[in-house]
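Trainee: Mind folding the following:
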Amino acid sequence: MAMTFSNQILQLFLVAILILFVKIASSEEILQEWHVTIDRTINPVILINGKFPGPLINATTNDMIHINVFNDMDEPLLFTWNGIQQRLNSWQDGVDGTNCPIVPGSNWTYVFQVKDQIGSFFYFPSINNQKAGGGFGPIRVNNRNVISVPFPKPEDEFDLLIGDWYPENYKNLAYMLIDNFTIPDWILMNGKGPYLFPSTKVYESFTVAQGNTYRFRISNVGNQWSFNFRIQNHHMLVVETEGSYTNQIVVDSLDVHVGQSYSVLVTADQKAADYYIVATPKMANTTKLGNLVGVGVLHYLNSSTMATGPLPSGPDPYDVQFSVNQAKSIKWNMTTGAARPNPQGTFNVRNVTLSQTFILKGSRVQDTYGVPYYIVNDVCYSHTDTPLKLADLMTNGSGVYELDKFSTNSSNGNLRHGVFVASGNHKGWLEIVLKNDLDVMDSWHLDGYGFYVVGFGDGDWTPESRSGYNLYDPVVRSTTQVYPGSWTAVYAYLDNPGMWNLRSQSLRNWYLGQQLYLKVYDADPNPAKERPPPDNLLLCGAFSYSAPPSLPPPPSSPPAPVNPSPSQASSTHITWNWVSCYSLEKTLGIHIMDSFTSDSFLFVIRLRSDLLSLCCMRFNCRACVIVICIVSMLNLGQQ
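Mentor: Numbering: from 1, shown residues only. Purely as a prediction, here's the structure:
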């Protein structure tokens, strides 16, 4: 009898702890409906819900995102989520190697989790050069309340999407990009033209109050130009980049390369007036390209003084060493938590053992007819009508691509066309050396991962170059610059199985062939390792009229949206909590028995042991460990 009472006390105590951690682990569902159209007033611009840029996705670590995209354009459409890792779920990555496009007049819902991430990111349309026509927008992934941010909460946050803009119809770029003289001739800030420029109808402006500090989330959503960003008479404190908190350094100007995102803190510590916000291209002579300067305004409350006079000067746009030195100075904050409470530096590269090295040279060649191609190790990527991921599902890739057909560490100058797919060792450390054979700036992006930027160097890379790597506190990000005639080295831990795009972020380079796919395969059939195809899987290419193979039962649908109260009308969040969501019972095999006591509402949760790992997929690992421990102890107490 005493043993029974003791077991009951133990159960109640452990369940109370469980409830506490379940509350911490609870996530939210964010639901958005997008209607994507083309505004043809002047040149075609891609709008989402009538706006350019598109709507903000404002999420918190581990939230589930549902984006129902209605394609009201006259061409196929895909969206990709730059920097969102799509843990175990490359089915939602939104590039042509993973997804069939959304055809005109139809809709498709992306469903993905911002698992174990924080930071500043953006989305954009990924096929048919549509990125040059707009359709992009910001993504914020905020810290959970239980994890401290390593700086005081700012008064407000501003999303600032800056990018170059082609004057031509983006639909004609397929031909124009072949002409090396076709270049963007504007830099826009949140889709708006430069301040005081004669043809600008509206410019971007941010209102601040004297003495307050603000967070600017800056992304380069452009197609070709890196830019230097600065605010007249104001310093900036760099605090975050693409999901990593950085060492906090003060800068007067910041280089942001194509596809990159940063957070900076700006304190309104000047007299009440208006001040220029400026973005100027790198490796370009703006005296000859006058429109290629983005200009906005930092407006102080009660200011009666317009921003006038010359723009604040920045570094020499051709001073590569300035940019390299700044890049090396931006390092990982090793002591702060981010998506998890443990310090970022807990997982580091100081003593890793490399399992693979890729040496990838990006260069430009011409065929016998003078047509230019951008290549990786001599290979110009050939697009397929059938997504690689779909081909894997249907035929293990047969008939669409051949795995490891092309070299990942050598080139001989002979142009080849093909579907470049390289295998990565699951849970191995991959070193990627990105070489830029061009005389212009380039940047590379890897979907599915954040990589450690361990080194920059001039000329050729050799194994001896590793002696100069920063293995102590290299920053972790998903897009890195590669300077002209130089190399950049990164380390990636391949713990995220799937099919992942590795590409140049320059639209011209990407479109004309400078990309490949990294296939990371986990032979373990446990569905918690990699998600099965979604139940709304689109078919196309060789499998347009096929039925997908038999799949495991899909997870139950998310709860239907509810009508918010007037005070909640602006929110698109629906709380998803274990104790109130019965669809989770079907998904995880959780049986909930509720009973009242005099002072608490207790929930006894029994989990099937073979489904515990699914808990880890949906919730943070700390809570999952607590659940596993509690269930184990409860089972012991019942024996």
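Trainee: Would you map the helices across the protein?
Mentor: Secondary structure of the chain, counting by DSSP state H: helices at 2-25, 173-176, 320-329, 388-395, 507-511, 583-588, 612-618, 621-638.
Trainee: Out of those, which gets the lowest mean score?
Mentor: Least confidently modelled of these is helix 583-588, at a mean of 32 by mean pLDDT.
Trainee: Would you mind listing the buried residues in stretch 461-481?
Mentor: Buried residues in stretch 461-481, counted by 16 or more other Cβ atoms under 10 Å: 461, 465-466, 469-470, 473-481. (C-beta placed from N, C-alpha, C; glycine too.)
Trainee: quick one: average confidence on it?
Mentor: Mean per-residue pLDDT for stretch 461-481: 98.
Trainee: going forward, begin numbering at 9 instead of 1
Mentor: Shifting the count to begin at 9 puts that one at stretch 469-489.
Trainee: what distance separates the start and the end of that stretch?
Mentor: Using Cα to Cα, to the nearest Å, the end-to-end distance of stretch 469-489 comes to 16 Å.
Trainee: ok, now stretch 414-430?
Mentor: Rule used - Cα to Cα; the end-to-end distance of stretch 414-430 is 8 Å.
Trainee: I'd like the distance from that stretch to the chain centre, please.
Mentor: 27 Å (Cα atoms, centre = their mean, to the nearest Å).
Trainee: Pull the residues that contact that stretch.
Mentor: By Cβ atoms under 8 Å, 6 or more residues apart in numbering, the list of residues contacting stretch 414-430 from outside reads 364-369, 371, 373, 375, 381, 383-390, 392, 396, 405, 408-413, 507, 521, 523-527.
Trainee: Just give me the neighbour total for the closest residue to residue 551 other than its chain neighbours.
Mentor: Using Cβ to Cβ, 6 or more residues apart in numbering and skipping the chain neighbours, the partner closest in space to residue 551 is residue 402 (5.3 Å). By the criterion of other Cβ atoms under 10 Å, residue 402 has 20 neighbours.
Trainee: Domain map for the protein?
Mentor: Per the record, the chain has its domains at 10-34+589-646, 35-155+554-584, 156-346, 352-528, by automatic domain parsing.
Trainee: From the centroid of this protein, which residue is nearest?
Mentor: When Cα atoms, centre = their mean is applied to the chain, the residue found nearest the centroid is residue 91 (1.4 Å).
Trainee: Pretty sure it sits against residue 248.
Mentor: No: using Cβ atoms under 8 Å, residue 91 is not in contact with residue 248, being 11.7 Å away.
Trainee: what sits against the nearest residue to residue 310 once chain neighbours are set aside?
Mentor: Using Cβ to Cβ, 6+ apart and skipping residues adjacent in sequence, the residue nearest residue 310 is residue 280, 5.3 Å away. Applying Cβ under 8 Å, 6+ apart to residue 280 gives the contacts 218, 308-311, 313.
Trainee: Make a PyMOL selection of the buried ones in these.
Mentor: Buried members of these, defined by 16+ other Cβ under 10 Å, are picked up in PyMOL with:
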select buried, resi 308+311
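Trainee: With pLDDT as added columns, please give the contacts of residue 280 in a markdown table.
Mentor: Formatted as a markdown table, the contacts of residue 280 follow (pLDDT from 0 to 100):
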| residue | pLDDT |
| --- | --- |
| 218 | 98 |
| 308 | 98 |
| 309 | 97 |
| 310 | 91 |
| 311 | 96 |
| 313 | 93 |
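Trainee: between the contacts of residue 280, which is nearest residue 331?
Mentor: Distance to residue 331, by Cβ to Cβ, is smallest for residue 308 among these, at 30.7 Å.
Trainee: beta partners of that closest one?
Mentor: Residue 308 has these beta-bridge partners by DSSP bridges: residue 216.
Trainee: Against residue 365, how distant is the nearest residue to residue 469 once chain neighbours are set aside?
Mentor: Nearest in space to residue 469, with sequence neighbours left out and distances taken as Cβ to Cβ, 6+ apart, is residue 495 at 4.4 Å. From residue 495 across to residue 365, the span is 12 Å (Cβ to Cβ, to the nearest Å).
Trainee: again, but for residue 243
Mentor: 40 Å.
Trainee: Let me see the ranges of the strands in the stretch 459-608 of the chain.
Mentor: According to DSSP state E, counting those that start in this stretch, the stretch 459-608 of the chain carries its strands in the segments 459-466, 484-485, 487-490, 494-501, 506-512, 523-528, 581-584, 598-604.
Trainee: Could you point out which of these sits nearest residue 288?
Mentor: Using Cβ to Cβ as the measure, strand 487-490 is the one of the strands of the stretch 459-608 of the chain that comes nearest residue 288, at 16.2 Å.
Trainee: who touches the closest one?
Mentor: The contact list for strand 487-490 (Cβ under 8 Å, 6+ apart) reads 90-91, 234, 250, 263, 265-268, 331, 335, 370, 442-444, 449-453, 459, 461, 496, 498, 513.
Trainee: Hmm, residue 339 and residue 352 touching each other?
Mentor: No: using Cβ under 8 Å, residue 352 is not in contact with residue 339, being 10.8 Å away.
Trainee: Have a look at the two and say which one is more surrounded.
Mentor: Each of residue 352 and residue 339 has its neighbours counted (other Cβ under 10 Å); residue 352 has more, 22 against 16.
Trainee: can you pull the pLDDT of the nearest residue to the more buried one once chain neighbours are set aside?
Mentor: Closest residue to residue 352 apart from its sequence neighbours, by Cβ to Cβ, 6+ apart: residue 346 at 5.4 Å. Looking at residue 346, its pLDDT is 96.
Trainee: Where does pLDDT dip in the stretch 9-158 of the chain?
Mentor: The model of the stretch 9-158 of the chain has pLDDT under 70 over residues 9-34.
Trainee: Repeat the analysis, applying 90 as the threshold.
Mentor: Along the stretch 9-158 of the chain, the parts satisfying pLDDT under 90 run over 9-35, 49-51.
Trainee: Strands along that one, start to end?
Mentor: Going by DSSP E, counting those that start in this stretch, the stretch 9-158 of the chain shows strands at 35-47, 53-56, 65-68, 72-79, 87-90, 115-121, 127-133, 145-150.
Trainee: Name the spans of the stretch 309-458 of the chain whose pLDDT lies under the cut-off.
Mentor: Applying pLDDT under 90 to the stretch 309-458 of the chain picks out residues 316-317, 375-379, 419-422.
Trainee: Go again with 50.
Mentor: Judged against pLDDT under 50, the stretch 309-458 of the chain has no low-scoring part.
Trainee: Tally up the residues packed near residue 276, please.
Mentor: Residue 276 - counted by other Cβ under 10 Å - has 22 other residues nearby.
Trainee: what sits against the closest residue to it other than its chain neighbours?
Mentor: Once flanking residues are discounted, residue 276 sits nearest to residue 216: 4.2 Å by Cβ to Cβ, 6+ apart. Residues in contact with residue 216 (Cβ under 8 Å, 6+ apart) are 163, 222, 274, 276, 306-309.
Trainee: what's the spacing between residue 216 and residue 167?
Mentor: Distance, residue 216 to residue 167, by Cβ to Cβ: 15 Å.
Trainee: What is the end-to-end distance of stretch 82-98?
Mentor: End-to-end distance of stretch 82-98: 26 Å, with Cα to Cα as the criterion.
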